[in-house]
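Undergrad: kindly return the folded structure for what I paste below:
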Amino acid sequence: MYVLTLKKNEEKRLLAFHPWVYANEVAKIEGHDAQGSIAKVLSYDGRFIGYGYINHLSKIIVRILTRNDEPIDEEFFARRISVFGENDLLPGLIVDKYGDYLSVQFLTLGMEVRKKMITDILVRHFSPLGIYERSDVSVREKEGLPLVKGVLYGDFDPVVHIKENGLDILVDLAQGQKTGYYLDQKENRADLRRYVKGKTVLDCFANVGGFALNAAAGGASKVTALDISETAVSFIKKNAALNGFDNVEAVQGDVFELLRTYRKENRTFDVVILDPPAFTKSKDTVKDAVRGYRDINIQALKLVNKGGFLITCSCSQHLSVNMFLDMIKESASQSGVRTKMLEFRTQSRDHGTLIGLDEGLYLKTAVLAVL
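TA: Now for the predicted structure:
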C-alpha cells in the first residue's frame, strides 16, 4: 500500500471533508502498489486522514473514499452504491437510473480498475434489464484513460422510455447528453409549472424537451423549444407527440443567434428558460464563460414581457454561486430590465451536495420576475 504524507497545514481542507488530495500538497510517498490501488493519507504530523485510490497521472493524486480504518473491498462498494460520485462518497462513479436501465460513467482510474466489480454489484442491487456505459467524457483523459461507451450488461435498444413528473419521455442513453438526460433538473422542471399557466414559453437549449414538456403540462398556451442539435429537436417532437401536446414547437438553431433574431423581430414571451450546457470545464476559462452566460441572459431578459419570468441556470462547477448571482445582476443592469429573484434552486435532492465540497454545488437555478 502507498502511504502519502501531506505537507504542513495541507490537511485543513481534507479535515473539512473535501475528498481530493492534490499532488502538490504531498510531502512524500512511501510504499509501492498498482495505479488505482488504495492509498493511506496522513497529515504532516502523522495523523490519519483517510483511505482513497491513487493515480500518479492526475493532479488529484488521491480521492478519499473513507475517513475510517476499514477495508476497501467489494462489500465496502456494495454498501456505498447509490447515484452521485463525489457527493455520495464514491468519487468518479456516476450511476443514473432510467426506469429498468442504468447508465453509468467511470470517470477516474480508481473506478475504472473496479469496473467489473461495480457492474456486478449494480446487477445484484438493481436487477436492471441493461446497463449502458457513457465513459465518453473528456475528464477521463486527465486520468490517463481513453473515452469509451457501450453496453456493459444486457441486450437492449439504448433509446429507453421513462416517466418523469408524470410525463412520458424517450431518452437516448447512447447519444444523449451526460448519461442520456439531465436527471438533476427533475425538480426544477416540475417547479416551472407554477409559472406557465396560460403563458407563452421559450425553452432555450432544450435538449430532448424536459422543460418544454413540463411547461406544456403546466398549461402553457404555446411552447417554443430551441436546440442546435437536429437529433435533440427530433426527440422534442417525438416526446411532445408521446404526451399528446400539440402546442410545442421545436426549432433547430444556434440559441445565441435565435435570441438576437427574435429581438429584431420584436417577438416576446411570458416565460423564458435558459438551461445551457457548461460554458466552462476548467478554472482557466471562467472569464470567457461568464461573458457567454451574461450575453444570453441579457438577450433573454429583453424578450420577457413585463410581469413574466426568466428561469436561468448554470451547470458549471467552476462558476460559483456568487459568480452566478453577480452575472445575473450585471445582466439585469446591462439589459435595462428590472427584475426580482423569487427562487434560488440547486440540483434535485438525489444529487445532494457534500458539505466541504464546494464543487458539488454545481447546478444553480434562479427564477426572476420581470417588473
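Undergrad: and the closest residue to Leu93 other than its chain neighbours, what helix or strand is that in?
TA: Distances taken as C-beta to C-beta, 6 or more residues apart in numbering place Met111 nearest to Leu93, at 4.7 Å, with adjacent residues excluded. C-beta here means a position set from N, CA and C on the backbone, and glycine is covered the same way. Here Met111 sits within helix 109-112, counting by DSSP states H and E.
Undergrad: what comes up buried for that helix?
TA: Across helix 109-112, burial judged by 16 or more other C-beta atoms under 10 Å covers 109-112.
Undergrad: do the same with stretch 130-149
TA: By 16+ other C-beta under 10 Å, the buried positions in stretch 130-149 come out as 130-135, 137, 139-140, 143, 145, 149.
Undergrad: how distant is that stretch from the center of its chain?
TA: With C-alpha atoms, centre = their mean, to the nearest Å as the basis, stretch 130-149 stands 15 Å off its chain's centre.
Undergrad: distance between the ends of it?
TA: The first and final residues of stretch 130-149 sit 14 Å from each other (C-alpha to C-alpha, to the nearest Å).
Undergrad: what about that stretch, average pLDDT?
TA: Mean pLDDT, stretch 130-149: 95.
Undergrad: contacts for it next, please.
TA: Contacts of stretch 130-149 from elsewhere in the structure, counted by C-beta atoms under 8 Å, 6 or more residues apart in numbering, are 55, 57-59, 100-109, 112, 119, 122-123, 150-156, 158, 173-174, 178-180, 281.
Undergrad: sorry, back to before: mind giving me the packing neighbours of the next helix or strand after the helix holding Met111?
TA: Downstream of helix 109-112, the first helix or strand assigned by DSSP H and E is helix 115-126. If you count contacts as 3 or more C-beta pairs under 8 Å, 6 or more residues apart in numbering; DSSP states H and E, helix 115-126 packs onto helix 74-80, strand 93-98, strand 101-106, strand 130-135, strand 148-153.
Undergrad: rounded mean pLDDT for the first one, please.
TA: What helix 74-80 shows for mean pLDDT is 91.
Undergrad: now it - C-alpha only, CSV.
TA: Output of helix 74-80 as CSV, limited to C-alpha atoms (Å, rounded to 0.1, in the frame of the first residue of the first chain):
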residue,chain,number,x,y,z
GLU,A,74,-16.4,-5.4,-2.6
GLU,A,75,-18.5,-5.2,0.5
PHE,A,76,-17.5,-1.6,1.0
PHE,A,77,-18.5,-0.6,-2.5
ALA,A,78,-21.8,-2.6,-2.2
ARG,A,79,-22.7,-0.5,0.9
ARG,A,80,-21.9,2.7,-0.8
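Undergrad: list the buried residues of it.
TA: Residues of helix 74-80 classed as buried: 76-77, 80 (neighbour count, 16+ other C-beta under 10 Å).
Undergrad: the one helix or strand Val271 maps to pairs with which strands, parallel or anti?
TA: If you go by DSSP H and E, Val271 is part of strand 269-274. Strand 269-274 sits in its sheet next to strand 200-204 (parallel), strand 304-314 (parallel), going by DSSP bridges.
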